[in-house]
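Novice: Predicted model, plus sequence, below.
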Amino acid sequence: MTTEMQRIVFSESMKLADLIDVNFKLLNVLSRLNISLGFGENTIKEVCERQGINLNSFLLICNIYTYDSYIPSAELLSGADPETIVEYLHNSHAFYLDKEFAGLERNLKDMVGPCDAMQKKIVAKFFADYKTQVENHFSYEESVVFPYVRALIEGGRQESYSIEQFEENHSNIDETLNDLKNIVMKYLPETCDTVLRNEVLYRIYRFEEDLLKHTVIEDSVLIPMVNKMEER
């Protein structure tokens with residue numbers, strides 16, 4: 001991760017290819033915003049205009065995924081588009097559930113091949129429990145929070161709900177993932193292939209980091225934006 005001393009300011013005139021060179025993990029951000037590769041020498045502004053993506057929202061998301069201590073400026077936040085943020089979060093949910101969990105489940109099954117029945121059962125249970133926990137977390141956001149935000153954007157308001165309720169009940173969904181990581185790292189027998197075990201750990205660590213950034217976008221971008229809409 002780029003350190004604070006090496007921080008590069010992302011700007012609209014920066015070439016999109018150069019942005020990916022700064023942080024290749026932003027490839028996931030592009031795919032979740034439906035930006036295809038093959039953008040040539042186009043700048044960030046040019047690609048965002050072509051795709052109909054709010055420029056400030058794009059810059060906010062890229063900064064959060066690149067710099068751990070990044071705090072959005074009031075100017076960038078005020079120019080961001082809540083619909084773009086909600087769409088990004090929604091697409092992230094789909095990616096996690098359809099791609100990430102499927103890949104992790106395959107890796108886990110390959111890894112525990114040499115294990116006994118009890119060890120396989122323990123790993124499978126931890127994975128299933130975590131997947132259910134994440135699905136429930138996302139389901140609440142998809143069925144309650146996102147429709148509420150979209151209603152605000154359109155000028156409506158549900159008097160029985162506010163973003164404060166989401167903020168108060170925003171649960172932590174990484175504890176079970178951490179337990180699964182410890183099982184793989186510390187407690188499975190040496191008969192488990194080291195390469196397969198490393199693949200599982202790499203995937204878990206990447207997923208954990210991605211989820212953390214996802215949460216930062218909700219807490220540091222979406223909630224403040226919605227608070228301002230509610231005030232208006």
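Specialist: Perfect, thanks for sending it.
Novice: From here on, just use CA atoms for contacts and neighbour counts.
Specialist: Will do.
Novice: in the chain, which spans are helices?
Specialist: For the chain, the helices defined by DSSP state H cover 16-22, 26-32, 44-51, 55-66, 74-79, 82-95, 101-111, 117-140, 146-153, 163-168, 175-182, 194-217, 223-231.
Novice: For residue 9, which of the ones you listed is the nearest?
Specialist: Nearest to residue 9, of all the helices of the chain, is helix 55-66, at 8.5 Å by C-alpha to C-alpha.
Novice: residues making contact with the closest one?
Specialist: For helix 55-66, contacts defined as C-alpha atoms under 8 Å, 6 or more residues apart in numbering pick out 1-2, 10-12, 23, 25-26, 29, 44-45, 48-49, 70-72, 76-77, 79-81, 84-85, 210, 213, 216-217.
Novice: Give the buried subset of these as a ChimeraX selection command.
Specialist: Of the contacts of helix 55-66, the buried ones go into a single ChimeraX selection, burial set by 16 or more other C-alpha atoms under 10 Å:
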select :10,12,23,25,26,29,44,45,48,72,77,80,81,84,85,210,213,216,217
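Novice: Which phi and psi values does the closest residue to residue 7 other than its chain neighbours adopt?
Specialist: Spatial nearest neighbour of residue 7, chain neighbours left out: residue 67 (7.7 Å); criterion: C-alpha to C-alpha, 6 or more residues apart in numbering. With angles defined as degrees, to the nearest 10, residue 67 sits at phi -120, psi 120.
Novice: hmm, back to that, which among the helices of the chain is found nearest to residue 38?
Specialist: Taking C-alpha to C-alpha, helix 16-22 is the member of the helices of the chain nearest to residue 38, at 9.5 Å.
Novice: looking at the protein, which residue lies furthest from center?
Specialist: residue 116 (34.3 Å; C-alpha atoms, centre = their mean).
Novice: Distance of that residue relative to residue 135?
Specialist: 29 Å (C-alpha to C-alpha, to the nearest Å).
Novice: picking up where we left off before, show the model's pLDDT score for the residue farthest from the centre of the chain.
Specialist: For residue 116, the pLDDT comes out at 90.
Novice: ok, now how distant is it from residue 82?
Specialist: In terms of C-alpha to C-alpha, residue 116 sits 49 Å off from residue 82.
Novice: What of residue 101?
Specialist: 27 Å.
Novice: if you count what's nearby, which of these two comes out ahead?
Specialist: Ranked by neighbour count (other C-alpha atoms under 10 Å), residue 101 and residue 82 place residue 82 first, with 24 against 19.
Novice: surely the more buried one meets residue 224?
Specialist: No - in this structure, residue 82 is not within contact of residue 224 by C-alpha atoms under 8 Å, at 10.1 Å.
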